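1. Based on what follows, work out the 3D shape:
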Amino acid sequence: MSSKNITVTEDAYERLKALKREDESFSDLVVRLTENADPMAFAGSCPGLGEHVEAARSELEDDLTDRHDELFG
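-> Below is the predicted model of the structure:
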């Protein structure tokens, strides 16, 4: 079986270490924690996020337009 190295913060490592059982490797832990994970389970879990994204996009577009006008007239 091949392996990959990953980098995690000290905080993330400590959190994983606290969840790891004595008889399992970190690989086993990651598999255990993710085997039933459904990424779609969180879909829609942030009500209003779309409005915030649109507001940020609009603000960015306005700012870019202002900067373009300042630079190029």
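2. C-alpha from now on. contacts and neighbour counts both.
-> Noted.
3. now stretch 47-61: how far from the chain's centre is it?
-> Between the centre of stretch 47-61 and the centre of its host chain there is 18 Å, according to C-alpha atoms, centre = their mean, to the nearest Å.
4. For that stretch, the averaged confidence score.
-> When pLDDT is averaged over stretch 47-61, the result is 92.
5. Stretch 15-24 too?
-> Per-residue scores along stretch 15-24 average to 97.
6. May I have the distance across that stretch, first residue to last?
-> Distance between the two ends of stretch 15-24: 15 Å, counting by C-alpha to C-alpha, to the nearest Å.
7. how about whichever strand or helix holds Leu71: buried residues?
-> Secondary structure assignment for Leu71, by DSSP states H and E: helix 49-72. Residues of helix 49-72 include none that count as buried (16 or more other C-alpha atoms under 10 Å).
8. Just the CA coordinates for stretch 25-43, please, in CSV.
-> In CSV, the C-alpha atoms belonging to stretch 25-43 read as follows (Å, rounded to 0.1, in the frame of the first residue of the first chain):
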residue,chain,number,x,y,z
SER,A,25,-2.8,4.4,13.3
PHE,A,26,-3.5,7.9,12.1
SER,A,27,-4.5,6.4,8.8
ASP,A,28,-7.0,4.2,10.5
LEU,A,29,-8.3,7.3,12.4
VAL,A,30,-8.8,9.3,9.3
VAL,A,31,-10.6,6.4,7.6
ARG,A,32,-12.8,5.9,10.7
LEU,A,33,-13.7,9.6,10.9
THR,A,34,-14.5,9.9,7.2
GLU,A,35,-16.0,6.6,6.2
ASN,A,36,-19.6,7.7,6.8
ALA,A,37,-19.0,11.4,5.9
ASP,A,38,-21.5,12.7,3.4
PRO,A,39,-20.3,16.0,2.0
MET,A,40,-23.8,16.8,0.9
ALA,A,41,-25.0,16.6,4.5
PHE,A,42,-23.8,20.2,5.0
ALA,A,43,-25.4,21.5,1.8
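9. Outside of it itself, which residues are in contact with it?
-> Contact with stretch 25-43 is made by Leu16, Lys17, Leu19, Lys20, Arg21, as judged by C-alpha atoms under 8 Å, 6 or more residues apart in numbering.
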